[in-house]
Every structure is written in C-alpha cells, then in structure tokens.
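Chemist: Generate coordinates for the sequence data below:
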Amino acid sequence: MRALNPPRNSRPLALGALAALVALTVATTALAAPQPQPSEPAKTKTVGMLVQLAGAKGCLVDRSTHQSGCGSARALKAPAPLLGSRALALSPDGKNLYVASSGSDAIAIFSRNPRDGTLRQAQGKGGCIALEGAGGCAPAIGLDGPNSVAVSPDGANVYATSFKSEAVTVFHRDRKTGALTQPFDGSGCVARVSLPGCVVGRGLGGPDVIAVSPDNKSVYVGSFPGNAIAVFNRDPTTGTLAQPAGDVGCIAAGAGNGCATGLALEGIEGMAISPDARSVYVGAATSEGLTILNRNPATGGLTQATNGSGCIVNTPLAGCTTGVELNGADAVTVSANEKDVYVSSLFSQSVTSFTRTRQSGLLTQKPGPAGCLVFMRAAGCSFGRAVDSPEGIGVSPDGASVYAASYAPGTIAVFNRSRRSGAITQKPLQRGCLGALPECASGRGLSGLGSLVLDADGTYLYAAAEESNAITIFRRVTRQPHGPTQAD
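Modeler: Got it, this is the predicted structure:
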C-alpha cells in the first residue's frame with residue numbers, strides 16, 4: 001500500500017515516507033527488548049526453507065533490465081506494483097504462471113515445468129498479452145497498468161484488474177498452451193467509465209485486487225480509492241462477467257453510490273475467499289482492518305454483520321471488533337484446512353493471525369503473541385525479522401509454513417505454522433528469511449517484492465519484484481533429509 005497511483009519518479013519519496021513511519025513505529029513501541037526466539041524443533045528445522053534455483057532458472061527479469069545471473073523475459077516491467085497484492089496466478093493444472101506487469105501494460109505468460117519449477121516464455125503472442133499488442137504481445141483493451149490477476153478454478157479464463165484504466169479484463173485461456181485471447185465485442189472488459197470495447201461497471205474506482213470463487217460462479221474486485229468491492233456473476237461456459245443490478249452488484253464504504261453500505265472498507269488492497277466459498281475476507285489499509293463478508297453460494301451476493309463480527313479494526317469503530325497491529329492491512333490468505341486467516345500490514349510492519357470458525361466463517365484474533373508478529377518490537381506481540389514492509393502473503397498447501405514478502409529492502413520471511421493452533425513462529429538465522437539483509441540468506445531479483453504464490457503441492461514458490469522487474473523461483477523443502485516431516 002502506497003500513495004495512490006504514484007508517478008515513477010516519486011518512489012524514492014514514497015520509500016522515504018516509509019522510512020519515517022518505521023522510525024516513528026520504533027519510537028512509539030514498547031521499550032522492552034524482544035524476547036529470544038525459542039529453539040526450532042528438529043522435526044521442522046528444514047521443512048519450509050526456500051532455496052532459489054541456480055542461475056537463470058532462479059530468476060527472470062524484463063529484457064530491458066540487467067540482473068547478473070538471471071534469465072531474460074518479455075513484458076515484465078514493474079510486476080507486482082505498489083498497489084496490487086495478487087500480481088501472480090498459477091493455473092489449476094500447474095502448467096502456467098501469469099504475471100500482471102504494470103509497467104508493460106501486459107500480462108506475461110509462462111509455461112511451467114512441474115517437475116523442476118522452471119519457467120519458459122513462448123515467443124510472439126503466445127508469451128504475453130498487452131495493451132494494443134505492444135512489444136509483440138497479443139492485443140488487449142483496458143489493460144492500462146494491470147496490477148492483479150486470477151485464474152478461474154476450471155482453468156478456462158484469466159481475469160485481471162488495471163489500476164489506470166479502472167477496468168477488469170476477461171481472457172480466454174488455451175488449456176494446451178496457456179496463451180490468452182480477449183474478445184473485443186464488449187464481453188472482454190468492464191470499466192468504471194466508457195472505454196472502447198468495454199462495458200461500464202460500478203465499484204471500480206482504482207481496482208487493486210481480484211479473486212474468483214472456488215465454485216467458479218463469482219468474481220470479486222476490490223478497489224483502493226473507490227473503497228468498494230464489485231460483484232460479478234461469471235458465466236460458467238464463456239467466462240463472461242455480468243454485474244447484478246442494484247446494491248447486490250457492489251458493497252462500499254459510505255452510502256449514496258448505488259452499492260450496499262459496508263463497514264471498514266476504505267483502501268481495499270487484499271482479498272481471499274475461503275475454500276468452502278462461503279466467506280470473503282478483505283484487507284482494508286485505510287480502515288486499518290480486516291473485513292469479514294458472508295457470501296451467498298447460490299447468488300454470489302455479499303452481506304456483512306454489524307454486531308461486531310463483520311470487521312476487526314485497529315481503532316474502535318461502531319459495528320466492528322477492535323484488534324491489534326492492522327494499520328495498513330494489505331494481503332490476506334486462508335489456510336487450506338480453513339481454520340486460520342493471516343494478514344500482512346504495511347504500516348504496522350506485521351503479520352497478524354486469526355482463528356476461523358468453519359461453520360460461520362467468523363474470525364477471532366489469536367490471543368497474545370500468537371495474534372501478531374511485528375518487525376522490531378511491539379507490546380504483547382512476537383518479534384519478527386524481515387517484515388518491515390510486508391505486502392504479499394501465502395500459506396503452504398501442507399499447512400506447515402507461512403511466507404511474507406516485504407517490499408523494502410526486498411525480503412521473504414519464512415515461518416513455521418502449527419497445524420494444531422495455527423500459530424506461526426519465524427525460523428531462526430538464515431532459514432528465517434531471504435533477501436538483502438545480513439541476517440538473511442541471499443537472493444537475486446528481490447528488490448520491491450510485492451506478491452508471491454505457491455504451487456498446488458507446495459514444492460515451489462514464485463515471487464514478483466517491481467523494482468527488479470523480476471520473477472524469482474524457489475524450491476521449498478517439504479521433508480527432512482531422513483524422511484517425511486510435518487509441522488506439529
């Protein structure tokens with residue numbers, strides 16, 4: 001989360017402001033020194049560790065950029081931009097990785113080898129789709145500044161949000177090659193204002209994040225300055241999107257915008273849908289909170305409780321529960337067993353943890369240090385390293401690990417996760433982080449990390465870094481050297 005749509009030359013100022021906020025946070029947090037981390041159990045010592053693939057297999061950078069030891073690719077300028085926490089998406093069959101590259105006005109397309117995690121980009125139009133076909137890519141409309149991307153669970157479509165064009169674009173996916181094509185008859189684009197080839201939609205003021213429901217029926221778009229979530233019904237045959245009329249078609253902070261009125265929906269940056277498709281969780285940076293929405297599986301409509309269970313916020317707000325360390329709430333993820341939700345928060349410099357009631361979808365912040373892990377120190381929270389500007393977050397499919405990507409200085413923090421309690425603890429020493437810090441294992445192409453994604457079996461992790469114009473590839477350790485291992 002940063003200033004709205006910052007020009008390229010404003011990034012040093014944005015990072016300077018971030019540094020000032022860090023200093024303020026350090027000055028105002030508890031003065032007690034952080035407690036030493038407990039020793040890591042032998043059975044989790046290596047499980048969850050990340051190892052970057054060697055040489056050019058471990059990172060790909062835009063062909064306009066030089067990065068020693070990395071391979072070259074097209075349409076990779078500024079992937080995972082400052083506004084956009086879901087810039088990477090893997091196809092359900094594991095064959096393709098899609099990357100929203102805001103600086104290229106493109107979606108980069110990679111074929112993936114599931115055995116070794118490596119990526120390959122096709123030549124010509126099969127390797128990318130871009131606004132007006134720039135850079136030899138397939139042509140697209142409404143793709144000005146793409147920042148988030150999602151693949152439908154049936155693998156038939158790819159959807160992307162674009163911050164500058166304030167649009168949602170619809171692509172048909174070739175299941176054999178992974179290539180994308182966009183219809184230009186009005187069914188391939190929904191925009192806030194009239195654009196050639198697009199229909200007009202509501203609740204799309206600066207779209208930031210997009211998600212497709214596990215049942216393939218709905219697509220949801222969260223908008224940062226628009227403070228709204230747009231709701232779309234998805235045609236299961238064509239993938240076309242249709243926005244319901246009236247307040248069913250969107251939910252927003254404040255009244256008078258044609259949308260249903262919601263609480264704690266200002267500055268939407270993150271979104272996750274529970275595997276049972278009954279709950280939508282939203283990270284609202286300006287509201288400093290996590291919003292809980294109930295989803296009707298039959299209609300896709302969203303409703304919010306106002307009795308305190310519909311939102312958890314830093315600052316007391318009528319109708320919400322008060323939580324801790326949610327200032328600048330960003331990315332959100334749900335564990336595969338549906339028991340836990342994790343949130344990265346930029347200005348709190350934190351990863352917060354919540355217990356989920358599977359029957360109702362309600363959330364409760366875990367008590368004490370289990371509920372918040374903070375960079376430097378904060379009263380009542382556990383101590384974290386390399387989480388000074390966290391944006392992207394993910395849970396491994398086996399439930400053993402949680403990972404957080406920090407924009408500056410460009411790090412991935414590695415946490416053990418307890419399957420019983422859902423609590424996370426950071427791995428010690430260099431096992432606990434990668435990036436440009438002395439205490440972390442080294443990595444390439446990590447400047448400006450914003451998004452990460454794990455493959456379906458949790459063997460490989462992919463991350464996108466805006467400042468490096470790069471995609472990085474890591475192998476994840478899934479077992480101990482002498483046999484299978486699980487977190488406790």
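
Chemist: use CA for all of it now, contacts and neighbours both
Modeler: Will do.

Chemist: Am I right that R173 is in contact with P183?
Modeler: No. With contact defined as CA atoms under 8 Å, R173 does not reach P183; the gap is 11.6 Å.

Chemist: who's more crowded, the two?
Modeler: R173 (19 against 16; other CA atoms under 10 Å).

Chemist: For the nearest residue to L363 once chain neighbours are set aside, list the residues it contacts.
Modeler: Excluding its sequence neighbours, the residue lying closest to L363 (CA to CA, 6 or more residues apart in numbering) is R356, at 4.7 Å. Residues counted as contacts of R356 (CA atoms under 8 Å, 6 or more residues apart in numbering) are E338, K339, D340, V341, L362, L363, T364.

Chemist: Could you work out the end-to-end span of stretch 41-55 for me?
Modeler: 32 Å (CA to CA, to the nearest Å).

Chemist: any idea of the mean pLDDT for it?
Modeler: Stretch 41-55 carries an average pLDDT of 88.

Chemist: Not counting it itself, show me its contacts.
Modeler: 58-59, 69-71, 400-401, 414-416, 427, 431-432, 443, 472-480, 485-487.

Chemist: where along the stretch 51-200 of the chain do the strands fall?
Modeler: 59-62, 71-73, 88-90, 96-101, 106-112, 119-120, 128-131, 138-140, 146-151, 157-162, 167-173, 180-181, 189-191, 199-200 (DSSP state E, counting those that start in this stretch).

Chemist: Nearest to P214 among the contacts of R356?
Modeler: P214 has its nearest neighbour among those in E338, at 13.1 Å by CA to CA.

Chemist: so the closest one sits in a helix?
Modeler: No. Under DSSP: H, G, I helix; E, B strand; the rest coil, E338 sits outside any helix and is assigned coil.

Chemist: Would you agree it is in contact with A272?
Modeler: No. The pair E338 / A272 is not scored as a contact, 11.5 Å apart, by CA under 8 Å.

Chemist: Show the pLDDT at the residue nearest to L363.
Modeler: With respect to pLDDT, R356 scores 98.

Chemist: Send me stretch 259-266 as CSV with only the CA atoms.
Modeler: Provided in CSV are the C-alpha atoms of stretch 259-266 (Å, rounded to 0.1, in the frame of the first residue of the first chain):
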residue,chain,number,x,y,z
CYS,A,259,-23.9,0.0,-3.6
ALA,A,260,-24.7,-1.7,-0.4
THR,A,261,-23.2,0.0,2.6
GLY,A,262,-20.3,-1.8,4.4
LEU,A,263,-18.0,-1.2,7.4
ALA,A,264,-14.2,-0.9,7.3
LEU,A,265,-13.9,-1.0,3.5
GLU,A,266,-11.6,2.0,3.0
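
Chemist: Let me see the mean pLDDT of that stretch.
Modeler: Average pLDDT, stretch 259-266: 97.

Chemist: what's the weakest-modelled helix or strand in the chain?
Modeler: helix 11-28 (a mean of 38; mean pLDDT, DSSP states H and E).

Chemist: quick one, what contacts G188?
Modeler: T169, V170, F171, Q182, G197, C198, T240.

Chemist: go on, L437?
Modeler: Counting by CA under 8 Å, 6+ apart, L437 has contacts A386, P409, T411.

Chemist: in terms of contact, does the first one touch F375 like I think?
Modeler: Read that as A386. Yes. Contact between A386 and F375 holds when scored by CA under 8 Å: they sit 7.0 Å apart.

Chemist: what about these two, which has more around it?
Modeler: The residue with more neighbours, out of A386 and F375, is A386; 29 against 22, by other CA under 10 Å.

Chemist: Pull up the distance across stretch 316-332, start to finish.
Modeler: End-to-end distance for stretch 316-332: 21 Å, by CA to CA.

Chemist: just stretch 83-99 next, same as before
Modeler: 14 Å.

Chemist: buried ones in that stretch?
Modeler: 83-92, 94-99 (16 or more other CA atoms under 10 Å).

Chemist: before we move on, what about stretch 240-247?
Modeler: Buried residues in stretch 240-247, counted by 16+ other CA under 10 Å: T240, L241, A242, Q243, P244, D247.

Chemist: Excluding sequence neighbours, find me the nearest residue to D93.
Modeler: Here the residue nearest D93, using CA to CA, 6+ apart, is G155, at 7.4 Å.
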